[in-house]
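Asks: structure, please.
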Amino acid sequence: MIYLDLFLGFLKVGCFSFGGAYGAIPLIRDVVMSYGWLSDEMLTYMIAVSESTPGPIMVNLATYIGSSQVGFPGAVIATLAVVLPSFLIILLVTAILKTVLKNKYVQAVLRGLKPCVIGIVFSTGIYMVLNNCFGTITSIKADIQAIIITALLAASMFGYKYFVMKKLSPILLIVISAIAGAVVYGI
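Replies: Below you'll find the model as predicted:
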């Protein structure tokens, strides 16, 4: 039964996650919480780890959650389930890409989805910052260490953009956050 739950849960994530992994985080959170596979805190940690390891976040999360539930077979099932819809959609899109992309209705749908994806990614980021810095609504507590790291990252990003006149690389932000986390929380 757990194998079927893993497959269907991550198939749902793969089918309904638009905008990439960051847009899928709320859906992944819903699926993981509904099945009780991880706590909210553990899921937040795994999102951070999945972000800093090579590969897509959704695949990394699916692999970890499947592995934590039933070992290697679970990792394989969850990973295949999360990538299967994208794989099939890419096959379909490549077959009909030239004619479909010229259609004005398809263009309208794509333009309409863009603000939705931006909103989902933005709200997920705000939720994660608030949840990690100030706790949940039921247990509000300020985490000074998390606030310091968040402020350091924001200052790094905006300071770099102001002084160098270019955006700071996301990879460099990940490295800065890893170093700050090691220093603030202790190795």
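Asks: for the residue lying closest to Leu11 once chain neighbours are set aside, pull up the helix or strand it's in.
Replies: Leaving aside its sequence neighbours, Leu11 sits nearest to Ala81 (Cβ to Cβ, 6 or more residues apart in numbering; 4.4 Å). Yep, even glycine has a C-beta here, placed from its N, CA and C like the rest. Using DSSP states H and E, the secondary-structure element containing Ala81 is helix 72-101.
Asks: for whichever helix or strand comes after that helix, buried residues please.
Replies: Stepping forward along the backbone from helix 72-101, the first helix or strand reached (DSSP H and E) is helix 104-134. Residues Ile120, Val121, Thr124, Met128, Asn131, Asn132, Cys133 are the ones in helix 104-134 that count as buried (16 or more other Cβ atoms under 10 Å).
Asks: low pLDDT regions in the chain?
Replies: Under the criterion pLDDT under 70, the flagged ranges of the chain are 18-21, 187.
Asks: okay, which residue is most central for it?
Replies: In the chain, the C-alpha nearest the mean C-alpha coordinate belongs to Tyr22, at 3.7 Å (Cα atoms, centre = their mean).
Asks: now Tyr160: closest residue in space that isn't a chain neighbour?
Replies: Spatial nearest neighbour of Tyr160, excluding adjacent residues (Cβ to Cβ, 6+ apart): Leu168 at 4.2 Å.
Asks: how about the one you found, secondary structure?
Replies: Three-state call for Leu168 (DSSP: H, G, I helix; E, B strand; the rest coil): coil.
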